[in-house]
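# coordinates only, no sequence provided:
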């Protein structure tokens, strides 16, 4: 956490070139999300990792309220339990220990997915985007917060629309998708500042706003911000 997209991308790319290591693209996240939401996966919403120490593989207990924002988080066993428990399994894409963890909650996960002709606070250059173009999903430059119609087939964002506006228990009105009511913001130029990078999964304290179909926005470094590494196993 606390590094920009350029650091995520270059660290991932240089990790194991023999396995085509790279920062996850939005369409790759989408592939995992779709499989989780099928008979080959948990076929339900993945439970949030609400461990406030950002420890991977944890899941919210049944007693911890995740009905709105903010959700209940912490480190106590009454609130969150690890990967190798019956509760921990519920935070995987398959509902068992062999599934993929942390698709909901933990830290936001920046994707290699960006608006065309924009860099934001990423630290990348236009040359980077050109030289490594196959490792990025590129979205239209006129995207806005509600542009779910600009989805790339397979990225698990378009069918989340239309988005709905209502207040969470902190009395703040937000966009929610039409599947699990997760937070739903598309790439945009909101409030006179550029937010062109996709981020998925949500943070540990986001309650009902998180999920495997969560779509948010990010740019530079953030205490909540992380990413996900992809390896092409041969």
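Noted; the coordinates are in hand. In this text, all values refer to a predicted model and were calculated from it rather than measured experimentally. Numbering: from 1, shown residues only.

# ranges for the helices of the protein?
5-13, 26-36, 126-131 (DSSP state H).

# okay, now residue 97: neighbour count?
13 (other CB atoms under 10 Å). Where you see a C-beta, it was placed from the backbone N, CA and C, and this is true even at glycine.

# that one reaches residue 89, doesn't it?
Yes. Using CB atoms under 8 Å, residue 97 is in contact with residue 89, at 6.0 Å.

# give me the common contacts of those two.
Common contact partners of residue 97 and residue 89 (CB atoms under 8 Å, 6 or more residues apart in numbering): residue 83.

# hmm, who's touching stretch 172-190?
45, 69, 114-115, 139, 143-148, 150, 157, 159-168, 195-198, 202, 206, 208-211, 213-217.

# now the residues you listed: which count as buried?
Neighbour counting by 16 or more other CB atoms under 10 Å classes 45, 69, 114-115, 139, 143, 145-148, 150, 157, 160-161, 163, 168, 195-198, 202, 206, 208-211, 213-217 among these as buried.

# pLDDT score assigned to residue 218?
Per-residue pLDDT puts residue 218 at 74.

# count the residues that sit near it.
Neighbour tally, residue 218, other CB under 10 Å: 25.

# please apply the same query to residue 169.
Neighbours of residue 169 using other CB under 10 Å come to 13.

# burial count for the closest residue to it other than its chain neighbours?
Spatial nearest neighbour of residue 169, excluding adjacent residues (CB to CB, 6 or more residues apart in numbering): residue 68 at 4.0 Å. Neighbour count of residue 68, defined by other CB under 10 Å: 15.
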